[in-house]
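In: Please work out how this folds:
(2 chains)
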Number of protein chains: 2
Amino acid sequence: MNKIITIGRELGRELGKRLAQQLGFAYYDNEIITGIAQKTELAESYVKQIVERSPVASFPITIGHSFYPHMSSNVDQATNIYVEQSNIITEMADKSDCVIVGRCADYILRDRKPFRIFVFASPEYRIERCRQKVKENENLTDKQIWKNIRKVDRHRARYYMFYTGRKWGEKSNYDICINTTNASIKSVSEALVKMLRPED
Amino acid sequence: MNKIITIGRELGRELGKRLAQQLGFAYYDNEIITGIAQKTELAESYVKQIVERSPVASFPITIGHSFYPHMSSNVDQATNIYVEQSNIITEMADKSDCVIVGRCADYILRDRKPFRIFVFASPEYRIERCRQKVKENENLTDKQIWKNIRKVDRHRARYYMFYTGRKWGEKSNYDICINTTNASIKSVSEALVKMLRPED
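Out: From the prediction side, this is the model:
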């Protein structure tokens, strides 16, 4: 069976890419969104919007009632996209050893016993990083940036809870949770390679 | 400044010992209890009992009221022991690079930026380990053993909360949280050495 590494994250792409490179594994992140868009013939931007939100958060309690028929079809679409996502992730895991970032891959592939990483950092570190990475954030206050970060976290947590029934970022759902506030991604990645391939 | 590693734990002694050995650091665990007993001239078993319990859990709300004078003095003793513990841990950290297991060392030494590890595992793994390690557990049911484990966890969580104001095991208080259910302590230890001494 192929070796699978999943990365749940507040932040995790840089670590994921580095790990994949060092281990010679495939790396999947936005490729999943592109795959869904291709299979469903929906625009990538639309798929991205759907998978970044929890269906339950987007619709009122009356969901499914006949006087809101269009909402029911929206939920169906979110669910269809999740099913497609599960298929694509499973295909990727079938193909080769791989690192998969986000997208409930840890849950979808749970029977294959992936090595499950969660990456997090302090608010101060995340705000600083966000300011450096995204040009539009240059003129925002720390408070405004933190509000945006929290919003994305909330969406991810709801999405994860909706499809897995689990709490996003709860340490018992992972093999290792890493705080990158004071650590270099390079040294974390090398340590993980050592753990995953002790013979090297 | 000396390098300090603290290990909070559901389980963590084996990892702590191995890490200390591989890094050439001093290792402190029960030595702290022995140190307190020597300094306070109290029996080790008594000190152990005090430091495994939260003072707040042991005494009713009337603490400090004049009609319960003996309780107030018991709380004083617990606090005195905590102060002595803080002194001893600080002395140990002054002496050399070291690994310290438990005892709120991560909090007591927070200004020295220790590398803070938390070690945990699944209930099934912990029950099995507990059965193997403690002879008296041989004839207990899984449920009985788990009840005992939970009791110790609860004491540690209350103790930690009482003296630090923080939630024990909450991942944001640590640099790394490691689930040892599916990992060998040897490979975890080697990975951590790689992370802490990337030049090796």
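In: Can you give me the neighbour number for A:Ser86?
Out: A:Ser86 has 17 neighbours, counted by other C-beta atoms under 10 Å in any protein chain shown. Using the backbone N, CA and C atoms, a C-beta is placed for each residue, glycine as well.
In: what sits against it?
Out: If you count contacts by C-beta atoms under 8 Å, 6 or more residues apart in numbering or on different chains, A:Ser86 has them with A:Ile108.
In: one more time with 10 Å, if that's ok
Out: The contact partners of A:Ser86, taken as C-beta atoms under 10 Å, 6 or more residues apart in numbering or on different chains, are A:103-105, A:107-109, A:163.
In: Relative to B:Lys113, how far out is it?
Out: 42 Å (C-beta to C-beta, to the nearest Å).
In: repeat for A:Leu11
Out: 21 Å.
In: Show me which positions of stretch A:193-200 end up buried.
Out: A:193-196 (16 or more other C-beta atoms under 10 Å in any protein chain shown).
In: and of these, the nearest to B:Asn30?
Out: A:Met195 (28.3 Å; C-beta to C-beta).
In: thought the closest one was touching B:Glu190?
Out: Yes. In this structure, A:Met195 is within contact of B:Glu190 by C-beta atoms under 10 Å, at 7.4 Å.
In: shared neighbours, the two?
Out: Common neighbours of A:Met195 and B:Glu190 (C-beta under 10 Å, 6+ apart) are B:Ser184.
In: chain center to the longest helix anywhere in chain A, what's the gap?
Out: Of all segments of type helix in chain A, defined using DSSP state H, the longest is helix A:69-95. Put simply, helix A:69-95 sits 15 Å off its chain's centre (C-alpha atoms, centre = their mean, to the nearest Å).
In: do stretch A:90-106 as well
Out: In this view, stretch A:90-106 has its centroid 11 Å away from the chain centroid, taken as C-alpha atoms, centre = their mean.
In: Can you measure across that stretch, start residue to end residue?
Out: Stretch A:90-106 has an end-to-end distance of 11 Å (C-alpha to C-alpha, to the nearest Å).
In: List the contacts of A:Arg129.
Out: Counted by C-beta under 10 Å, 6+ apart, A:Arg129 has contacts A:11, A:14, A:121, A:137, A:145, A:149, A:180.
In: possible to save the residues you listed as CSV with distance to B:Val99 and pLDDT?
Out: Listed next are the contacts of A:Arg129 as CSV, based on distance: C-beta to C-beta, whole Å; pLDDT from 0 to 100:
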residue, distance to B:Val99, pLDDT
A:Leu11, 28, 73
A:Glu14, 29, 88
A:Ala121, 24, 93
A:Asn137, 40, 76
A:Ile145, 37, 92
A:Ile149, 34, 91
A:Thr180, 22, 92
